[in-house]
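Trainee: fold the following and give me the result.
(3 chains)
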Amino acid sequence: MSKPIFEARDVSVTFNVGRGRNKSQVHALKKVSLDVNEGEIVGLVGESGSGKSTLARVAIGLQKQNSGELFYAGQALPKVRTLEDRRKMQMIFQDPYSSLDPRMSVKQAIFELLDTHNVLPKEKRLDRCKELLSLVKLPESLLDSRPYAMSGGQRQRVAIARALSLNPQFLIADEAVSALDVSVQASIINLLSDLRDSLKLSILFISHDLAIVRLLCDRVNVINLGEIVESSPTLSLFDNPQHAYTRQLISAVPKLDAIVRNAN
Amino acid sequence: MNAMNSGAMTSNVLEVEDLQIVARIAGRDYIAIDNISFSVAEGHARGLVGESGSGKSLTLRAIMGLLPANVRVTSGVIKFQGQDLLAEGGKYRKSVLGTGISMVFQEPSVALNPVMKIGKQITDSLMQHSDLNRKQARERAIDLMDQVGIREASKRVDDFPFQLSGGMKQRVMIAAALACGPELILCDEPTTALDVTIQAQIIELFKKLRSELKVSLLYVTHDIGVVAELCDAISVMYSGRIVEQADDINKVFSHPRHPYTKALLSAIPRIDGPIQRLKGLDNTGPSLTQRSQELAPPMTNVEPGWQIAPFEFADLDALWSASSHE
Amino acid sequence: MSTSLSLRPNILSRLRGFRVNNFRLYLGIFIIFVVVAMAVLASHLTKFDPISQDLLNTLQGGTAEHFLGTDNLGRDVWSRLLYGGRTDLFLASIAVLAPFVIGTVVGAICGYFSGWVDTLVMRIADVVVAFPFYVLVISLVFILGNGVGSIFIAISLVSWVAYARIVRAETMIVRSKEFIEAAQTGGISNQKIITRHVLPNVITQAIVYAMSDIVLNIGVIVTLSYFGLGIVPPTPDWGRMIAEGQQFLAGGYYALTILPALAVVITSLGLSFIGDGLAVALRVKR
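Mentor: Below is the predicted model:
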């Protein structure tokens, strides 16, 4: 259970901003370390500009780190990822209205990955599509639908199905539910939690929403200004936050139960 | 239906009665808002809650007279201080917009003019409605900025919007909304674009304004948590209708009566209380063109000041069947 | 809620993801169809050779034989209009192809990768744009010498820039979409991302522009011929017809100038309608 599937060690990222005289450096990540164990959902919580999305992009290989290393199942991930590396981990993006090509049907989107990686015999690929749709609880009838004909929740399910198509063991969800309505959001959270159980997935769940993280994650890392300020098991983080910033974050969340308790 | 607040001693700043809004799409009319009625009592705050497509923003825009070209109010009354805003082609509305009623938008970075100093933007409407000179207006702007918690207001009054953070911009928007001393502020998701810590500060600010200035709020949001913190009355919208509303928000939160309200409340992850699996839905109701075009049956009183819509209207079915696999 | 105002989402639009609404598109297609058909079927629509002179019957008005009359060399105006259209339309359409392809590919590559290649190409584009279009084309044809080939090269050298800029801007918008990143994390090669995800989403703008570019090309070709550059006489062409007809305007022979000018206007109008219509029809639903 406690074998790490993904580790980031002392990852730093700096961005150059401005030109000429105004040129300066922004430290998006400062020696960030984090690990995700097999079958675990680990939260990464922070506000905008905290560096949480940068870490997601580094982890998935969309952004190169200036220093530090990444490991998958104990082995260092190379700076240039091979197709095999890509199959190990996939990402779910924030905006389901932008993460699917508007000109591609569900089938085309999934086939694109299956064809590129070519690990499944051709005749089994359509069955795999159907299997994936049922995994994310979508009807098969959506196979030929294009994104415009689907709701936000359906699109996000398609994005998840696509991410799962190559059987990755590790998923990165970058604000994957924050663009959705609450009731739809709840069903996607449930789906992720179910998938973790049924597929033994490990998930790095990146969010600004502490309440969701509390519900879904086993452990939580709090990130502020490019540094992880606190990392603890979910229950102890919320019951007994150690860092001042964590306390500030938790107290800032509007509380529904408080008012219900007041009423009673 | 306007009897709902009459029991209280306070009068209503805003009364919406049997408002119906129709949208014309592809040459056909669809009912977008179906006979809704609610009111905002003086000094009170009503949260208008719903998910996307529920019609909450459209309702707010109808009050402001900012409806898109293909959308129109077909019947109903919108009264501000007892006078109909829609009468005489909106002549009265024109006279109270900016003075009696003002608005705070979701995206302060879009709502502010990037090439105008913030002090000037705050007093823009004030200059229109009063004969303050420039110096007095500037003083007033600094006052207002103080009031909304912008530190060193006398220095920042000449800043441009790009020099401010998102939270500060929203404070500027609120200062501008306060400039003419309005009785009612219409809020369209004013904290949705902000981080939680900033959101908490803005909510505190609204609370302070409510207690100090006795200003009334109509607060449109999808975030029930924010409503719980800030509002004392609530109307829950679904699919162009109000399904449940109460003058006392606690009643709805502790004993929701309508299935949709229940569903919504059980879909919200809580920061405190027990950790339990959420109940999710797969959609937020039928799209405008697929809704039942029958008129909504009238709401019934659970008790005075607490009303629900009948459960059995057709559109809910889609919702339950979609969520049945959960 | 959706406030889209498309007129009638019919079955075709549902099937193809298209928004087919428009009268303008059909009108444009109709006009261009007629014009092209007349140019292609020229030999069936007239029995006169457009370049054979008949010096006994010059400057005639409409007669039973020559129903649009003859010009100063006794050539049949109707037949010159038809064959002239053939020259101009053919050349204008061909001259659109190379800039379209070059500009689109260059624009997509620049927009997708950015970096120094992008900077370099865009500086070159800036230089090209710095000169007035007509001045540049006319000087190029002047240098390269008269003839169809010169026109073709001159137009290609100048007008790829417009496509490159349009496609580059569109590509940069598309590149910021998450579906591009999703493809990258899926291990899909840059080349495939450009051909499968970028181009289909940006090419619409280029196609729409191409329609107005044909109009522009007709204008260029006609102008060049008007100045005696480009198409070599006696090849019939609308520009030269206008130029030659001009000297007889004073004598009251208006038709010699007005008819080819009208042909240019009608053709341009048709293409513009198609361009506008396509812009609506190809808009992808999101």
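
Trainee: burial count for C:Y254?
Mentor: Number of residues near C:Y254 (other CB atoms under 10 Å in any protein chain shown) recorded here: 11. Any C-beta I mention is one placed from the backbone N, CA and C, and that applies to glycine too.

Trainee: ok, and what's touching stretch A:118-134?
Mentor: A:87, A:106-107, A:110-111, A:114-115, A:139-140, A:142-143, A:161-162, A:164-166 (CB atoms under 8 Å, 6 or more residues apart in numbering or on different chains).

Trainee: in chain C, where is pLDDT below threshold?
Mentor: Chain C contains residues with pLDDT under 70 at C:1-21, C:62, C:64, C:284-286.

Trainee: same question, the stretch 1-150 of chain B
Mentor: Low-confidence segments of the stretch 1-150 of chain B, defined by pLDDT under 70: B:1-10.

Trainee: can you list the residues of it near chain C?
Mentor: B:A23, B:I25, B:A26, B:G27, B:A32, B:G53, B:G55, B:L58, B:P68, B:N70, B:V71 (CB under 8 Å from any CB of the partner chain).

Trainee: same deal with chain A?
Mentor: Applying CB under 8 Å from any CB, we find that chain A lies next to chain C at A:60-62, A:81-83, A:86-87, A:90-91, A:93-95, A:97-103, A:112-113, A:116-117, A:146-149, A:159, A:162, A:166.

Trainee: filter these to the buried ones?
Mentor: A:60-61, A:81, A:86-87, A:90-91, A:93-95, A:97-103, A:112-113, A:116-117, A:146-147, A:159, A:162, A:166 (16 or more other CB atoms under 10 Å in any protein chain shown).

Trainee: quick one: buried residues of the host helix or strand of B:Y260?
Mentor: Taking DSSP states H and E as the criterion, B:Y260 maps to helix B:259-266. Neighbour-count burial for helix B:259-266, with 16+ other CB under 10 Å as criterion, is recorded at B:P259, B:Y260, B:T261, B:A263, B:L264, B:L265, B:S266.

Trainee: filter these by proximity to chain A?
Mentor: Answer for the buried residues of helix B:259-266 near chain A (CB under 8 Å from any CB): B:A263, B:L264, B:L265, B:S266.

Trainee: which one of these sits closest to C:V117?
Mentor: Distance to C:V117 across those (CB to CB) is lowest for B:L264, with 52.0 Å.

Trainee: enumerate every residue touching the residue lying closest to the closest one once chain neighbours are set aside.
Mentor: Closest residue to B:L264 apart from its sequence neighbours, by CB to CB, 6 or more residues apart in numbering or on different chains: A:S183 at 6.2 Å. By CB under 8 Å, 6+ apart, the residues touching A:S183 are B:E51, B:A263, B:L264, B:A267, B:G280, B:L281, B:T284.

Trainee: tell me which element A:S183 is part of?
Mentor: Using DSSP H and E, A:S183 falls in helix A:182-199.

Trainee: returning to that earlier point: among the contacts of stretch A:118-134, name the ones in helices.
Mentor: Residues of those located in helices (DSSP state H): A:R87, A:V106, A:K107, A:I110, A:F111, A:L114, A:D115, A:A161, A:R162, A:L164.

Trainee: shouldn't the second one be in contact with A:S141?
Mentor: This means A:V106. No - the criterion here is CB atoms under 8 Å, and A:V106 misses it with A:S141 at 10.1 Å.

Trainee: show me which of these two is the more surrounded one.
Mentor: Regarding A:V106 and A:S141, a neighbour count based on other CB under 10 Å identifies A:V106 as having more, with 27 against 8.

Trainee: okay, the more buried one: pLDDT?
Mentor: A:V106 carries a pLDDT value of 94.

Trainee: where's it relative to chain B, distance?
Mentor: Distance of A:V106 to chain B, computed by CB to the nearest CB, to the nearest Å: 16 Å.

Trainee: ranges for the strands of the stretch 151-300 of chain B?
Mentor: Per DSSP state E, counting those that start in this stretch, the stretch 151-300 of chain B carries strands over the ranges B:184-188, B:216-221, B:233-238, B:241-246, B:300-303.

Trainee: adding distance to B:G90, mean pLDDT and mean neighbour count, write these out as CSV.
Mentor: As requested, the strands of the stretch 151-300 of chain B are exported to CSV (distance: least, CB to CB, whole Å; pLDDT from 0 to 100; neighbours: other CB atoms under 10 Å in any protein chain shown):
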stretch, distance to B:G90, mean pLDDT, mean neighbour count
strand B:184-188, 15, 93, 23
strand B:216-221, 18, 94, 26
strand B:233-238, 24, 93, 27
strand B:241-246, 24, 92, 27
strand B:300-303, 32, 86, 12
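
Trainee: can you list the ones you listed in CSV and add distance to A:K255?
Mentor: Converted to CSV, these look like this (distance: least, CB to CB, whole Å):
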stretch, distance to A:K255
strand B:184-188, 20
strand B:216-221, 15
strand B:233-238, 16
strand B:241-246, 19
strand B:300-303, 25
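
Trainee: is it possible to get CSV of those strands that adds distance to chain A?
Mentor: Output for those, formatted as CSV (distance: least, CB to the nearest CB, whole Å):
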stretch, distance to chain A
strand B:184-188, 15
strand B:216-221, 10
strand B:233-238, 10
strand B:241-246, 11
strand B:300-303, 15
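
Trainee: tell me which helix or strand C:F67 sits in.
Mentor: Here C:F67 is assigned to no helix or strand, by DSSP H and E.

Trainee: actually B:R72, not the one I wrote
Mentor: Counting by DSSP H and E, B:R72 is found in strand B:71-80.

Trainee: please apply the same query to A:L44.
Mentor: Using DSSP H and E, A:L44 maps to strand A:41-45.

Trainee: need the next SSE after that strand, C-terminal direction.
Mentor: Next along from strand A:41-45, by DSSP H and E: helix A:52-60.
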